[in-house]
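Peer 1: Next one to model:
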Amino acid sequence: MKKILFIQSEFDFNQFFDEKIFPNRDDIEFEGIKYLNETAEYFSKYTKVYSCDYFDEYAYSIIKKAKSTGVDTFLLMDGIYDWANLYVNPKWEEKKNFFDVSFYKLIYCVDSHSASYLSSTGASTDVYAPSRIFNITTKDKTKKNKIINTSKKKILITSSNTPYFDKTEFIRIINIFKSVIEWGKLNSVDIYYRIYNEKILKELDINQEVNLTEGSIDTYLKEIDVLITTPSSISITAAALDKPFIHIIYRDTPIAVQAAWQIFNPEMSSEVLKSALIREENRMMHQRTIIPKMRINLETKKINKKNEDVNVVKYSSLKLFLVILKSKLKGLYYKLFKY
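Peer 2: Numbers count the residues shown, from 1 in each chain. I've put the predicted structure just below:
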């Protein structure tokens with residue numbers, strides 16, 4: 001019998017693999033989500049249970065069951081901790097407390113700031129290096145790479161998966177992106193994109209020939225001079241490649257990764273872009289400090305845990321089928337269209 005249960009798919013495991021955490025993958029059983037309706041006692045046969053999605057309420061249900069029987073439970077953060085997405089996103093309005101750090105023995109973070117913040121809320125944390133963010137591909141340019149080899153400077157504009165929560169934020173993002181695009185045209189700088197949000201694509205009228213949505217993003221980062229993004233884990237990948245990145249700041253919420261360059265409004269774009277494109281050394285020195293180099297291990301603070309009967313939660317057969325199907329289709333989608 002496998003000793004470790006990984007709730008998500010093997011595809012997800014490969015994205016978040018760190019050999020220091022998983023020295024022997026033969027001990028791991030994947031797709032634990034299929035046990036969603038099992039009782040808490042079912043999970044007692046495992047020594048460890050891992051999840052890599054703290055926004056997945058179904059995975060969280062399994063974590064709580066396993067924890068209640070004394071099984072060690074762990075969370076692999078899928079990127080920098082997104083404070084705004086958890087506390088401001090209206091999608092989670094009715095589930096403000098569904099992410100409780102006390103249900104995890106240890107939370108692995110990709111950056112020391114996220115680890116420090118979560119430890120202050122009562123979590124035990126450590127820093128790890130998931131393949132998804134830190135394993136930069138060494139392959140040559142693929143057929144999917146649409147970046148043209150010219151002497152011009154090149155900028156790549158992208159965003160997080162959930163870049164805006166309302167119309168006001170959408171307009172702020174669009175206005176800044178438009179100012180960057182216009183500046184690029186006036187200064188003979190090539191602009192490329194990696195945008196999946198249909199509303200942003202339509203508003204910016206982006207030609208799909210320069211929208212680099214296929215393949216791994218680090219393939220493209222190697223070919224450009226500056227990355228512009230809403231606060232996102234891709235910033236860490238850019239830093240690992242020593243590529244200047246600019247954050248678009250459009251809301252007043254805490255940000256885990258402090259960028260060396262930031263644009264708050266369209267009027268700032270020109271000066272910020274000039275500085276980033278020449279790789280202003282003082283700012284590059286700052287950027288090079290964001291990759292975690294020191295491992296931290298902080299003790300859990302005492303907190304009041306909620307008393308819940310975790311066996312009460314049951315999902316319909318249809319819901320269980322849809323959850324499992326979504327897990328399988330996710331890996332297939334990424335394999336066919338994004339990597």
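
Peer 1: What are the buried residues along stretch 159-167?
Peer 2: Of the residues in stretch 159-167, 159-160, 163-164 count as buried by neighbour count, 16 or more other CB atoms under 10 Å. (C-beta placed from N, C-alpha, C; glycine too.)

Peer 1: Redo these as TSV? Include distance to residue 19, pLDDT and secondary structure.
Peer 2: TSV is the format used below for these (distance: CB to CB, whole Å; pLDDT from 0 to 100; DSSP: H, G, I helix; E, B strand; the rest coil):
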residue	distance to residue 19	pLDDT	secondary structure
159	31	91	coil
160	28	85	coil
163	33	88	coil
164	37	89	coil
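
Peer 1: Now that we have these, can you turn them into a markdown table and tack on distance to residue 74?
Peer 2: Listed next are those as a markdown table, based on distance: CB to CB, whole Å:
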| residue | distance to residue 74 |
| --- | --- |
| 159 | 29 |
| 160 | 24 |
| 163 | 29 |
| 164 | 32 |
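
Peer 1: what's residue 127 sitting at in phi/psi?
Peer 2: When read as degrees, to the nearest 10, the backbone of residue 127 gives phi -100, psi 140.

Peer 1: ah, wrong one, I meant residue 117
Peer 2: The phi and psi torsions at residue 117 (degrees, to the nearest 10) take the values phi -60, psi -50.

Peer 1: Distance-wise, check residue 280 relative to residue 261.
Peer 2: 8 Å (CB to CB, to the nearest Å).

Peer 1: Pick out whichever of the two has more residues nearby.
Peer 2: Relative neighbour count places residue 261 above the other of residue 280 and residue 261, with 22 against 15, counting by other CB atoms under 10 Å.

Peer 1: wait, residue 90 sits on residue 165?
Peer 2: Yes - distance between residue 90 and residue 165: 6.1 Å, which falls inside the contact criterion (CB atoms under 8 Å).

Peer 1: got any residues that touch both of the two?
Peer 2: When contacts are counted by CB atoms under 8 Å, 6 or more residues apart in numbering, residue 90 and residue 165 have no shared neighbour.

Peer 1: Which segments of the chain make up each domain?
Peer 2: Described in terms of automatic domain parsing, the domain architecture of the chain consists of the residue ranges 4-129+296-338, 154-287.

Peer 1: mean pLDDT lowest for which of those?
Peer 2: Mean pLDDT is lowest for domain 4-129+296-338 among the domains of the chain, at a mean of 80.

Peer 1: hang on, the earlier thing: pick the one among the buried residues of stretch 159-167 closest to residue 315.
Peer 2: For residue 315, the nearest member of those is residue 160. The distance, counting by CB to CB, is 28.9 Å.

Peer 1: can I get the domains of the chain in CSV with distance to residue 146?
Peer 2: Supplementary listing: those in CSV, determined by distance: least, CB to CB, whole Å:
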stretch, distance to residue 146
domain 4-129+296-338, 15
domain 154-287, 6
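
Peer 1: Minimum distance to residue 147: which of those has it?
Peer 2: domain 154-287 (4.4 Å).

Peer 1: For residue 156, which non-adjacent residue is closest in space?
Peer 2: Sequence neighbours aside, residue 224 is the residue nearest to residue 156 in space, at 4.5 Å (criterion: CB to CB, 6 or more residues apart in numbering).

Peer 1: Which secondary structure state does that neighbour sit in?
Peer 2: Following DSSP: H, G, I helix; E, B strand; the rest coil, we place residue 224 in the coil state.

Peer 1: mind listing what it touches?
Peer 2: Contacts here follow CB under 8 Å, 6+ apart; on that basis residue 224 touches 147, 154-156, 192, 243.

Peer 1: can you tell me how far it sits from residue 192?
Peer 2: Distance of residue 224 to residue 192, computed by CB to CB: 7 Å.

Peer 1: Find residues that contact each of these two.
Peer 2: In the contact map built from CB under 8 Å, 6+ apart, the residues linked to both residue 224 and residue 192 are 147, 154-156.

Peer 1: Out of the residues you listed, give me the one that has the most neighbours.
Peer 2: Neighbour counts for the shared contacts of residue 224 and residue 192 (other CB under 10 Å) peak at residue 156, which has 26 neighbours.

Peer 1: doesn't that one fall inside a strand?
Peer 2: Yes - secondary structure of residue 156, determined by three-state DSSP: located in a strand.

Peer 1: So it is in contact with residue 234, correct?
Peer 2: No - with contacts counted by CB under 8 Å, residue 156 stays clear of residue 234, the gap being 9.5 Å.

Peer 1: Now the longest helix anywhere in the chain: buried residues?
Peer 2: Taking residue count as the measure and DSSP state H as the definition, the longest helix of the chain comes out as helix 167-186. Taking 16+ other CB under 10 Å as the neighbour-count basis, helix 167-186 is seen to contain the buried residues 169-170, 172-174, 176-177, 179-181, 183-184.
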